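Undergrad: Please work out how this folds:
(one chain, ligands or ions: 1)
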Amino acid sequence: MAPSKDVLLINPWIYDFTAYDFWMKPLGLLYVASLIRRFTPHRVSWIDCLDRFHPALGRAPAGKPDGRGPFPKEEAAKPAAVRDVPRRFSRYGIPVALFEAELARTPRPDAVLVSSAMTYWYPGVQAVVEIVRRRFGAVPVLLGGIYATLCPGHARSESGADLVVPGPAGAALFSALAAALGEDPAPCPGPEGPGEPPPPAFDLLRDKTWLPVMTSRGCPLRCTFCASALLGAGLEQRPVAAVLSEILDGRARFGTRQFAFYDDALLAGKAGHALPLFEGLAAAGRDLSFHTPNGLHLREIDGRTARLMRAAGVRSLYLSLESVDTELLRERSPKSSPADLERALAELEGAGYDRRSVNVYLIMGLPGQAASGVRDGVRFVRGLGATPRVAFFSPIPGTAEWSKLVARGVLAEDSDPLLHNKIAFACLKSGASPAEIEAVKRELVAPPRA
Ligand code: B12
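TA: Below you'll find the predicted structure:
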């Protein structure tokens, strides 16, 4: 076996107009860490630029008991591509000096692995790579994650990394790491594709009040604005027993009682997946709570599902309606309808949920989508006693919406990924006037109907 070397893993900063720790943890990089530990002799060290619990930040982090909370931030220069967005631009996460202190404290790395989340957060990747280079000189830097997967060309030319490794961590990770370390490319030791990976290296996280859980990858649906199909092949569900034991292990080892599901389609094929998982969690009889920030397919919520979710401890519910415009839903997101929401809410209420605590996602800013339609959606959700949550559209390369925008000349195939930013796109490219956007915002702050 090759000698043991030092591999440094870094979760970069967010650069954005707004960012909030809405159950955000770098699950992809935690998987990469566990794969390296399991299948190579190398030592792993870890820096999380989004660690809002870092003791050197000096004060107890603000936030909610369920784990959500604000990131520290510092205003940053607005890049030219988004100069005309009338909002402040910031770097979210630990101060640069603290990152540099972390670099000084870690063993000198033989390779640095950087992750990436939203495509438009690439300035965080660039900043990390630049500082790493300044400190460690010619150390090989590998970049993976969602930006690297969705914009590999841009990542290769602009991120500063030596090697861009798109796609899920598997054979490509091991061969890129071997190349970076000057080792013979080993036969793929890890799982490639749907195999069960080792559990994420949660011990690397400072705060384990809550942990992310991904029970499946992908989605059987093909909404025109979603990149799920570009990030993996179809729906791959993990064995229920493995998910259950990961959750109970998190409770036993770290005392974690809250978990956030990161699935695109947690309830898809629920009879053989989510329902037995909820049954198992209910039977385990622990004091666990679950959150669903990524939106559930509300058509899947029947009486049994609602009761099992309740029994398992699913607390914060986010459902994906997207719109009340049935034509829009038919063409762009055939996963739900207003009638499905009415029925799902009745079932959830029957299972003991308070309607007001059920959050319903509505999309805003889709090309050609009238803001008045979004307002109708907000009113509809409020009328049913639930809480609307408007999420702005982010155009993602490779999706059907992206192709239409390119065909119409709104974006170019090689547009700066900063324009994928939901706020930048809404302000600069969506065609919605500031007055229309304001009208929806006003509707959102109006008190809910009795
Ligand atoms: C969970 C999730 C969230 C969480 C936060 C997750 C986080 N940590 O940041 C929440 C709910 C907060 C969220 C919010 C949003 N999200 Co989101 N989210 C996801 C989701 C479902 C999963 C991401 C994830 O953690 N996956 C699990 C891990 C295991 O996978 P991974 O990160 O890809 O890592 C693997 C590989 O990439 C690789 N890898 C990772 N790092 C590295 C590093 C190296 C060196 C190597 C070799 C490999 C490697 O290995 C890992 C294991 O295989 C994805 C969809 C998806 N299927 O990925 C959308 C997704 C990333 N989100 C998206 C969007 C649009 C949003 C929102 C803008 C929605 C909105 N309109 O408000 C917001 C933005 C939030 C903000 N502050 O602006 C888009 C991406 C948009 C973009 N332009 O990049 C996605 C792709 C979904 C979609 N609809 O298409 N999201």
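
Undergrad: check contacts around the nearest residue to residue 396 once chain neighbours are set aside.
TA: In space, residue 396 comes closest to residue 227 once its chain neighbours are excluded; the distance is 4.4 Å by C-beta to C-beta, 6 or more residues apart in numbering. Using the backbone N, CA and C atoms, a C-beta is placed for each residue, glycine as well. Residues counted as contacts of residue 227 (C-beta atoms under 8 Å, 6 or more residues apart in numbering) are 146, 150, 396, 398, 399.

Undergrad: and residue 217, what are its bridge partners?
TA: According to DSSP bridges, residue 236 are recorded as the beta-bridge partners of residue 217.

Undergrad: Verify the stated contact: it with residue 235.
TA: Yes. At 7.5 Å, residue 217 and residue 235 qualify as touching, with contact defined as C-beta atoms under 8 Å.

Undergrad: ok, back up a step: and the ligand, which of the contacts of residue 227 reach it?
TA: Among these, the residues lying close to the ligand (C-beta under 6 Å from any ligand atom) are 146, 150, 396.

Undergrad: Give me the distance between the first one and residue 164.
TA: In this structure, residue 146 lies at 12 Å from residue 164, with C-beta to C-beta, to the nearest Å as the measure.

Undergrad: ok, now the second one?
TA: As for residue 150, its distance to residue 164 is 11 Å (criterion: C-beta to C-beta).

Undergrad: ok so, going back, okay, residue 146 and residue 164: which has more neighbours?
TA: Applying other C-beta atoms under 10 Å to residue 146 and residue 164 shows that residue 164 carries more neighbours, namely 23 against 19.

Undergrad: In space, what's closest to that one - neighbours in sequence excluded?
TA: Closest residue to residue 164 apart from its sequence neighbours, by C-beta to C-beta, 6+ apart: residue 155 at 4.5 Å.

Undergrad: I figured the one you found hits residue 163, correct?
TA: No. Shown here, residue 155 and residue 163 do not form a contact pair, counting by C-beta under 8 Å, at 10.0 Å.

Undergrad: any residues in contact with both of the two?
TA: Common neighbours of residue 155 and residue 163 (criterion: C-beta under 8 Å, 6+ apart): residue 143.

Undergrad: Looking at these two, which is more packed in?
TA: Relative neighbour count places residue 155 above the other of residue 155 and residue 163, with 25 against 19, counting by other C-beta under 10 Å.

Undergrad: Now do the buried residues in the helix or strand hosting the more buried one.
TA: Remark: residue 155 resides in helix 152-158, with elements defined by DSSP states H and E. For helix 152-158, burial by neighbour count (16 or more other C-beta atoms under 10 Å) applies to 152, 154, 155.

Undergrad: Tally up the residues packed near residue 52, please.
TA: Residues within reach of residue 52, counting by other C-beta under 10 Å, total 20.

Undergrad: List the residues that contact it.
TA: With contacts defined as C-beta under 8 Å, 6+ apart, residue 52 is in contact with 21, 61, 63, 69, 70, 71, 72, 93, 94, 207.

Undergrad: Scan this protein for its longest strand.
TA: In the chain, with assignment by DSSP state E, the single longest strand is strand 314-322.

Undergrad: Is the ligand within reach of whichever helix or strand comes after that strand?
TA: Later in the chain than strand 314-322, the nearest helix or strand by DSSP H and E is helix 326-332. No. Contact check for helix 326-332 against the ligand, using C-beta under 6 Å from any ligand atom: none in range, with a minimum separation of 12.3 Å.

Undergrad: Alpha carbons of helix 326-332, in PDB - could you do that?
TA: Extracted in PDB, the C-alpha atoms of helix 326-332 (Å, rounded to 0.1, in the frame of the first residue of the first chain):
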ATOM      1  CA  THR A 326     -52.200  24.500 -13.700                       C
ATOM      2  CA  GLU A 327     -50.900  25.200 -17.200                       C
ATOM      3  CA  LEU A 328     -47.500  26.100 -15.700                       C
ATOM      4  CA  LEU A 329     -47.500  23.000 -13.600                       C
ATOM      5  CA  ARG A 330     -48.400  20.800 -16.500                       C
ATOM      6  CA  GLU A 331     -45.600  22.100 -18.700                       C
ATOM      7  CA  ARG A 332     -42.900  22.600 -16.100                       C
END
